[in-house]
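Trainee: sequence and predicted structure are below.
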Amino acid sequence: MADLEMIKRKVGKEASQFVESGMTIGLGFGSTAYWLIQALGERVKNGEIFYGVPTSNQTAEWAKEVGIHLTDFAHVTTLDVAIDGADEVDENFQLIKGGGGALLREKIVASAAKEFIVIVDYTKIVQKLGAFPLPIEIIPFGYERTQKQIADLGLHPALRKEEEVYLTDNGNYILDCDGGVIENPSELSHTLHNIPGVVESGLFIDMAAKVIVGKEDSIEILDVKK
Ligand SMILES: O=C[C@H](O)[C@H](O)[C@H](O)COP(=O)(O)O
């Protein structure tokens, strides 16, 4: 297994220590969250029970495969904990998420949790956000105008495409915005929310309670002071 993948695996396992049998967990998406789900799956084999609210269709598949019971907001309104990866974490623990396109459900799930734990490898730690293009989920209707309004902010939005235009699990589009360093993430988050057609941005402001960082030969657990 490549080194970085090994680090992600260790971080996923480390995060699983914050989960107790019987808890309802917000299950993130991405290559790091995958390892959390695998670690919980090992405990399911030993008789522990977990209830998960998945943040993507793929997460739901992974969780089912390892025996985590899936639940949803029709049955729970508060989650014991949510654990998810991130694309960037800055010095104030603000995040960019959404590289995998799941940012909207991830934000809903994280905000429903008593504690939101972020799991990353050391390559995600930055002083200021912005080297990773900021994903913004937008409604397909009128997207050209929404994109123009975001371009007017100097954010250089590019419509995410695979073979076709990329669609989120919610049937929306993603703009990946390569606007360079984000000096004031909180202000930008507010500005974006005021644009009609923007559903959500990948800026997660003041949401993380803990950040678990995997390094070459150690793991650091950072408690975010509120
Ligand atoms: O939409 C995707 C999510 O925000 C992921 O948590 C994020 O992209 C980090 O993923 P990974 O752990 O694969 O780097």
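Mentor: Yep, that arrived.
Trainee: what about the strands in this protein?
Mentor: Secondary structure of the chain by DSSP state E: the strands cover 24-27, 51-54, 69-70, 81-84, 88-89, 95-96, 116-121, 134-138, 157-159, 173-177, 198-201, 203-204, 210-214, 219-223.
Trainee: for the ones you listed, which one sits closest to the ligand?
Mentor: Among these, the nearest to the ligand by Cβ to the nearest ligand atom is strand 81-84 (5.1 Å). Where you see a C-beta, it was placed from the backbone N, CA and C, and this is true even at glycine.
Trainee: could you dump the closest one to CSV, C-alpha only?
Mentor: Output in CSV follows, covering the C-alpha atoms of strand 81-84 (Å, rounded to 0.1, in the frame of the first residue of the first chain):
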residue,chain,number,x,y,z
VAL,A,81,-20.5,12.5,16.0
ALA,A,82,-19.7,13.1,12.3
ILE,A,83,-16.3,12.2,10.9
ASP,A,84,-15.1,13.2,7.4
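Trainee: rewinding a little: among the strands of the chain, which is the most enclosed?
Mentor: Mean neighbour count, computed with mean count of other Cβ atoms under 10 Å, is highest for strand 95-96 among those, reaching a mean of 29.
Trainee: run the chain-centre distance for that one.
Mentor: Centroid separation for strand 95-96 versus its chain: 8 Å, with Cα atoms, centre = their mean, to the nearest Å.
Trainee: before we move on, what about stretch 158-178?
Mentor: That offset, for stretch 158-178, works out to 16 Å (Cα atoms, centre = their mean).
Trainee: quick one: terminal-to-terminal distance for that stretch?
Mentor: Stretch 158-178 has an end-to-end distance of 8 Å (criterion: Cα to Cα, to the nearest Å).
Trainee: do that stretch and the ligand meet?
Mentor: No. If you take Cβ under 6 Å from any ligand atom as the test, stretch 158-178 misses the ligand, and the best it gets is 9.0 Å.
Trainee: run through who's touching that stretch.
Mentor: Here stretch 158-178 makes contact (Cβ atoms under 8 Å, 6 or more residues apart in numbering) with 56-57, 98, 101-102, 104-105, 133-140, 143, 146-147, 150, 155-157, 199.
Trainee: near the ligand, which residues of this structure show up?
Mentor: By Cβ under 6 Å from any ligand atom, the residues of the chain that approach the ligand are 28-33, 84-87, 97-103, 106.
Trainee: can you give the domain ranges for this protein?
Mentor: Domain assignment for the chain, taken from automatic domain parsing, gives 3-125+205-223, 134-201.
Trainee: including mean pLDDT, could these go into TSV?
Mentor: As requested, these are exported to TSV (pLDDT from 0 to 100):
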stretch	mean pLDDT
domain 3-125+205-223	98
domain 134-201	98
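Trainee: just say which of these is most tucked in.
Mentor: The highest mean neighbour count among these, using mean count of other Cβ under 10 Å, belongs to domain 3-125+205-223: a mean of 20.
Trainee: chain center to that domain: distance?
Mentor: Centroid separation for domain 3-125+205-223 versus its chain: 8 Å, with Cα atoms, centre = their mean.
Trainee: how about stretch 154-173?
Mentor: From the chain centre to the centre of stretch 154-173 is a distance of 17 Å (Cα atoms, centre = their mean).
Trainee: which residue ranges of the chain form helices?
Mentor: Listed from the start of the chain, the chain has helices (DSSP state H) covering 3-16, 33-45, 57-66, 103-111, 143-151, 185-193.
Trainee: for M1, give me the pLDDT.
Mentor: pLDDT, M1: 67.
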